[in-house]
Every structure is written in structure tokens, then in C-alpha cells.
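Asks: Pasting the sequence and the predicted coordinates here, then a few questions.
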Amino acid sequence: MKRLFQLLLISFPILVFGQGDQQEIALEGATAIHIYAAFSSVSVTTGGQGVVAVNHTFTVDGTDRPDLRLLSIERKDGVLHLREVKPTADLLQGEFSGKNSNQITGGREGGKGVVNGVMVDATLEIVVPAGVTIEVETNYGGIKAVNVDGLVKAHARYGAIDVIFATVSPMPDLDLYSNYGTVDVTIPTGRGANLDLVTEYGELLTDMEIQIDKKASEEKDFFQRVIGTIAGGGARIKCEAPYGDVYLREG
């Protein structure tokens, strides 16, 4: 690596429900999906037709806790909104208040982490049909997307972003951001892209040859921004990690 400088939602717009292991949600004309996870890590892949497959899990020390997981679904203006209501950090702090207080693992491995001395595993696995635009946001969890050509945005607060395009191309304008974690993106070999890579306290690293726009790029104490192209340019890819590293890979 080189260092670079809804179910029934027509009459009732919001439905909140206890979540089993798996369910399927009909698109019913939706052309986009917005996913928000308050605590879980999110994994997105592409597959199926006409339905979004959801698997929401939450365990405590290896024991299933369905009472601590809850999702809401809303349809609005052609967008399917999937929001995690439970678990949240505040809920878990209260649930395990008798343990070691004020300890929540940030940037955990997959869905696993520690809350007040208790091991929890919170994951939201989603399979979305091809051709659907996807935005994902998380608070404590990370985001992983593999060969999801509809992904346009992945934002995390504490978790890492890991996006792999091995067999498909990124959307024309891809926005990846993690405030306290890393941003790691892999694009197909030989595929062109326009790059906007930013970090403040981390590093920008790549194994690819970038044609850097020196006038637009910037480097100073605790700040690096690289504007440039690879393979002649193409889809715009923006990666920002103020307190983590940005990795750009070819594969």
C-alpha cells in the first residue's frame, strides 16, 4: 500500500413489529430503500425479485433476545424506509446497568461488541433486488455491502464501512463516510473512477495508480484530501473518514 497525502402500509403509514429471524417485504413499486440501524451492524447484498429479505438478530451472551429487537417500516414517495427501533445504546445501557457501566464497543467486529461487560451480537442482514437505489446509515454498527450496484450512500458514526464491487460497477455518485471508523472500498480491476478521498487524523492508502489533481487536492496537519482519477475517470466515489483510514483497492 502507498500512502497518498410494509405489509399493510397504505392505510397505516408506519408499522412497528416484533422481529423474527427472517421476513420478506414486498417492494410494491418502491424504487429505493433507506436503511437506518441504531445499534446493529448492517450487511447488504443483491438478490431476489420484488421483495426485500430481512434478517434481524440480537443475542446476549449467545442467547436470543427478541424482546430487545424491533424494526419499523414506512413507505413514502416511492421509498421504503426500514428503521431499527430496538436495540439502541440507551436501551442496552439501562438493560445492563448492573454490569460495568458506560462501556460500549465502537467499531466492533461484525455485529459483536460489549455493552457494560455483556457480549452482544446485533446484525441486520438485507437482500435487495437489483435496480433498487440503496442508502444505509448506522450509529454504532458497521456497514458491509458486496456487489450492490444500487448503493449510493453508506454513512456510519462509529462503525467501519466495507464496500466491495467485484462484479458490478459503482453508481455514478457514491458517498461513503465513517466518522470514527475506516472506509474501505474495492472496485473492479481496470474500472475508471473520479475520486474524492478525505481524512483528518488517519491516512489515505491505495494499491492503485491515481492521476492526482494537485490544485484541487490538499494536505496539511491532520488533514488530507486527494482529488483525482483512475483509469481515465468514471463514476464519482467520495470516501471520508475524519478519524480513520481510507482504503481504495482494486480487485
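Replies: Sure thing, it's come through.
Asks: Check which strands are paired with the helix or strand where Val152 lies and give the direction for each one.
Replies: Secondary structure from DSSP states H and E places Val152 in strand 151-156. Paired with strand 151-156 in the same sheet, following DSSP bridges, are strand 133-138 (parallel), strand 173-178 (parallel).
Asks: out of the ones you listed, nearest to Lys215?
Replies: The closest of those to Lys215 is strand 173-178. By CB to CB, the value is 22.0 Å. Yep, even glycine has a C-beta here, placed from its N, CA and C like the rest.
Asks: Report the next helix or strand after the helix or strand where Glu84 lies in sequence order.
Replies: Using DSSP H and E, Glu84 sits in strand 79-86. Sequence order places helix 89-95 as the next helix or strand after strand 79-86, per DSSP H and E.
Asks: What is that following helix packed up against?
Replies: strand 112-115 (3 or more CB pairs under 8 Å, 6 or more residues apart in numbering; DSSP states H and E).
Asks: Next, the buried residues of the strand it packs on.
Replies: Within strand 112-115, the residues scored as buried using 16 or more other CB atoms under 10 Å are 113, 115.
Asks: With stretch 230-250 instead?
Replies: Buried residues in stretch 230-250 (16+ other CB under 10 Å): 230-231, 234-241, 244-248.
Asks: From those residues, which land in strands?
Replies: Residues of those located in strands (DSSP state E): 230, 235-241, 246-248.
Asks: by contact count, what packs against the helix or strand that comes right after the strand holding Val152?
Replies: Where DSSP H and E defines the elements, the next helix or strand beyond strand 151-156 is strand 161-164. Contact analysis of strand 161-164 by 3+ CB pairs under 8 Å, 6+ apart lists strand 143-146, strand 151-156, strand 173-178, strand 183-187 as its packing neighbours.
Asks: now these in a markdown table, with distance to Lys112, mean pLDDT and mean neighbour count?
Replies: Shown next, in a markdown table, are the helices and strands packed on strand 161-164 (distance: least, CB to CB, whole Å; pLDDT from 0 to 100; neighbours: other CB atoms under 10 Å):
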| stretch | distance to Lys112 | mean pLDDT | mean neighbour count |
| --- | --- | --- | --- |
| strand 143-146 | 14 | 97 | 23 |
| strand 151-156 | 16 | 98 | 23 |
| strand 173-178 | 18 | 97 | 21 |
| strand 183-187 | 19 | 97 | 23 |
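Asks: Now do the strand holding Glu84 against strand 133-138: the angle between them, please.
Replies: Strand 79-86 and strand 133-138 are oriented at 20 degrees to each other (axes from the mean of the first three to the mean of the last three CA atoms, to 10 degrees).
Asks: Flag the shaky bits of the stretch 1-150 of the chain, pLDDT-wise.
Replies: 1-21, 99-102, 106-107 (pLDDT under 70).
Asks: please redo it, this time with the cut-off set to 80
Replies: Scanning the stretch 1-150 of the chain for pLDDT under 80 picks out 1-21, 98-102, 105-109.
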